[in-house]
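> Sequence and predicted structure below; questions after.
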Amino acid sequence: MGLPKLHEFHFVIGHRMRIRLEELDVFGELDNISGIVVKILSLLVPVIKREHDWGEQRDSRYEYVSPDLEEDRVHTHAYLPENLYRKIKLIHHDLNFFSLAQIVRFFIVVFFELVDEYKEDVLKELERMFKEWKKETKDNRLTLREYMRQLMIVVQHLRKGKRIITVYDHRFMPFWRLRL
């Protein structure tokens, strides 16, 4: 088995965000920005999934890199695993973000807010939240009959002609395409 496929992702962040990433000591051994960004995004995968499922449409609005327009911008590279990159691309498409970089900055800010609130216990708190979300998901899971009923409702309301339903797997990759 080969090395995991990585996507070189170039984006811009504010100078203060870069400094804060460099000073972040939650992960200990990591000392490069790419590794820290990948670790943050990998850690927040359940948050990313929850935002994808329940987040609001962004209407492709441009948001500044930093609230301070005078702050220097810093070009940054992160080597994202392919499955993580695909999740970000799906959020970009489904929630209509202006750019992928905007999504990455958004989740970095979310992580910083969690660090500010929980300090060195942030990893424990995230683990507790994820267990709670997993239990909530399990408790509210639909039965096969309920899924089929939903699918029939969706199919009835599709346009005539070329009707395609794409089913995705747990890695956000197309698993099955149904042509009706």
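That came through fine.
> what's around the closest residue in space to L30 that isn't next to it in sequence, how many residues?
Using Cβ to Cβ, 6 or more residues apart in numbering and skipping residues adjacent in sequence, the residue nearest L30 is I36, 5.1 Å away. The C-beta positions use only the backbone N, C-alpha and C, and glycine is treated the same way. By other Cβ atoms under 10 Å, the residues close to I36 number 19.
> now swap in the one 5 residues further on and tell me
Neighbour count of L41, defined by other Cβ under 10 Å: 24.
> Show me where this structure has its helices.
Using DSSP state H, the helices of the chain run over 15-23, 33-43, 45-54, 82-94, 100-118, 122-139, 144-156.
> nearest to L6, of the ones you listed?
Closest approach to L6 among the helices of the chain is made by helix 82-94 (7.0 Å; Cβ to Cβ).
> Could you give the average pLDDT over that closest one?
Across helix 82-94, pLDDT averages out at 92.
> Show me which positions of it end up buried.
N83, L84, Y85, R86, K87, I88, L90, I91, H92 (16 or more other Cβ atoms under 10 Å).
> Please name the nearest non-neighbouring residue to the second one.
When the adjacent residues along the chain are set aside, L84 lies closest to L41, with 5.7 Å between them (Cβ to Cβ, 6+ apart).
> that older thread, so which of the helices of the chain is the most packed in?
Highest mean neighbour count of these: helix 33-43, a mean of 19 (counted as mean count of other Cβ atoms under 10 Å).
> what sits up against that helix?
18, 21-22, 24, 27, 30, 48, 76-81, 84, 88, 104, 107-108, 111, 123, 126 (Cβ atoms under 8 Å, 6 or more residues apart in numbering).
> On the pLDDT front, check the residue nearest to L30 for me.
In this model, I36 is scored at 93, pLDDT.
> and if you look at R73?
pLDDT at R73 comes out at 95.
> doesn't R16 make contact with it?
No: contact status for R73 versus R16: not in contact, 10.9 Å apart, counting by Cβ atoms under 8 Å.
> Show me whatever sits in contact with both of the two.
Common neighbours of R73 and R16 (criterion: Cβ under 8 Å, 6+ apart): S66.
> Quick one: mean pLDDT over stretch 147-158.
The model assigns stretch 147-158 a mean pLDDT of 82.
> if I pick K138, what's in contact with it?
With Cβ under 8 Å, 6+ apart, K138 has no contacts at all.
> Skipping adjacent residues, who's closest to the spatially most central residue of the chain in space?
Residue closest to the average C-alpha location in the chain (Cα atoms, centre = their mean): I48, at 3.3 Å. Spatially, and ignoring its direct neighbours in sequence, I48 is nearest to K87 (5.6 Å; Cβ to Cβ, 6+ apart).
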